[in-house]
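> Quick one, fold the following:
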Amino acid sequence: MKNLLVTIATALFLIQSAESSVSKEDSATVRLILDKNGLTSMAVWSVADTVDGKVQGLYLSSQKISVIPPDIGDLKDLRLLWLDHNQVAHIPAAIGKCKQLESLKLGYNRLVSLPEEFTNLQNITMLDLDNNLMAKLPDQVLVLRSLSELSLRSNKIQIVPAKIGAFSSLRYLYLDNNEIRSLPAEIDSLVQLEVLTLSQNQLTWLPPQIGSLTLLRKLDLTGNRITSVPEEIGKLASLTDLYLNSNRLTSFPKEIAVLKKLRWLYMDNNSIAGLPLNLDSLDSIQWLSFAGNRIRKIPASIGKCTTLDVLNLSRNLIDIVPVEITGLKNLMILRLDHNRIAVLPEGIEQLNKLGIERGGKLYGDLDISYNRICNTSAQIKEWADKYNPGWNTTQSCKTGK
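Reported below is the predicted structural model:
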């Protein structure tokens, strides 16, 4: 009992110490914000970080907050403000007084616009406006020259303005799930950009100026309407991740094959009829995915992609697997299901990582279901049975289909 009382007393002391570490003025402001949103039992110290008594971090994510009072502007030393996953529909003009802000999360709210005073926040480096109701990229954001990360996923943006080129320090730009139809030529000014994601938009083409983004490491264009890519994409020498799934490509852009640092390439669900003969020029490739296309032939050069871990060619029109595929000694996942394959090449059993297990869990994967394979080796049968029991009953020669 005595120990319990000591523990309670210690806890109360720590709480009081934490509360007293916040200046009276800042504590009163945070208290007001909490009370205005019905969070009367929430302690100030539990949501605020302080330095020398001044609140520098305020963490109010997922608290059902709907009101941000003008008093927020009294937190002059605020550097981090997290208000994401709430019900905020209005940001007060007083936010412009928080000139020390560096990181601001406003994602998953109900914002349609931002106040003019937002332009005073010239120290912001990270701004999250995901999942709001914005029909355009706010003008007030376009003047924030210190931004290195900007996220506007899942809004209603249709146009990326030419002023985007003013973000010379921007490194990460996320614009997924909008209604964007094109990109401006001024995108070539984003010379520091490392990540650009534009999945689930309405793009039909890319400007050739995209080739100026020589530091770009990741480019996600999944779920657009792109029919071709400019030859300048071959200038993206730093690119490691390229996503072109679910577009309207009918051929493999030959310029992609010169991207020496490319590790992950996803081109599923297009209408690509063939793969380039020089696939082996992708020196660093680890993941190739072309599921759901119209590919009929796998080039022999695939066997020289010795860094490859994953090869996904399911749902195509392939009837022959070249013997050169047996050179892919690092291959752990091979998906050839839903094709027209009758025979697997001799020596494919040498790809022993396809059957890899660790701690009783499967890490490899071999899917050859829904083909025309009547006979194969005992080893291949064993691996295929692990990942897709009953695969043999899906073969057309077994079912008479």
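
> Kindly provide the distance from G57 to R79.
As defined by CB to CB, to the nearest Å, G57 lies at a distance of 7 Å from R79. Using the backbone N, CA and C atoms, a C-beta is placed for each residue, glycine as well.

> higher neighbour count, these two?
Neighbour totals were compared for G57 and R79, and R79 leads with 20 against 16 (other CB atoms under 10 Å).

> Mind listing what's buried along stretch 116-136?
Under the neighbour-count criterion of 16 or more other CB atoms under 10 Å, stretch 116-136 has 117-121, 124-132, 134 buried.

> which one is N270 nearest to, not counting chain neighbours?
Once flanking residues are discounted, N270 sits nearest to L249: 4.2 Å by CB to CB, 6 or more residues apart in numbering.

> got the contact list for that neighbour?
226-229, 267, 270-272 (CB atoms under 8 Å, 6 or more residues apart in numbering).

> Just flag the most distant two among these.
Pairwise distances across those (CB to CB) peak at 14.5 Å, for the pair V229 and S271.

> residue contacts, T307?
When the contact criterion is CB under 8 Å, 6+ apart, the partners of T307 are 283-286, 330.

> Please report the distance of it from A237.
As judged by CB to CB, T307 and A237 stand 18 Å apart.

> If you count contacts, what does the lengthiest strand in the chain end up packed against?
Counting by DSSP state E, the longest strand found in the chain is strand 54-59. Other elements packing on strand 54-59 under the criterion 3 or more CB pairs under 8 Å, 6 or more residues apart in numbering; DSSP states H and E are helix 24-36, strand 48-51, strand 80-82.

> Identify, out of these, the most deeply packed stretch.
For the helices and strands packed on strand 54-59, average neighbour numbers computed from mean count of other CB atoms under 10 Å are highest in strand 80-82, which has a mean of 20.

> List the strands paired with that one, with their directions.
strand 54-59 (parallel), strand 103-105 (parallel) (DSSP bridges).

> nearest to L39, of these?
When the strands paired with strand 80-82 are ranked by proximity to L39 (CB to CB), strand 54-59 comes first, at 12.4 Å.

> next one: that closest one to chain centre, how far?
If you compare the mean C-alpha spot of strand 54-59 with that of the full chain, they lie 29 Å apart, counting by CA atoms, centre = their mean, to the nearest Å.

> Just put the helices and strands packed on strand 54-59 in a markdown table and tack on distance to E346 and mean pLDDT.
Supplementary listing: the helices and strands packed on strand 54-59 in a markdown table, determined by distance: least, CB to CB, whole Å; pLDDT from 0 to 100:
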| stretch | distance to E346 | mean pLDDT |
| --- | --- | --- |
| helix 24-36 | 71 | 95 |
| strand 48-51 | 64 | 94 |
| strand 80-82 | 59 | 98 |
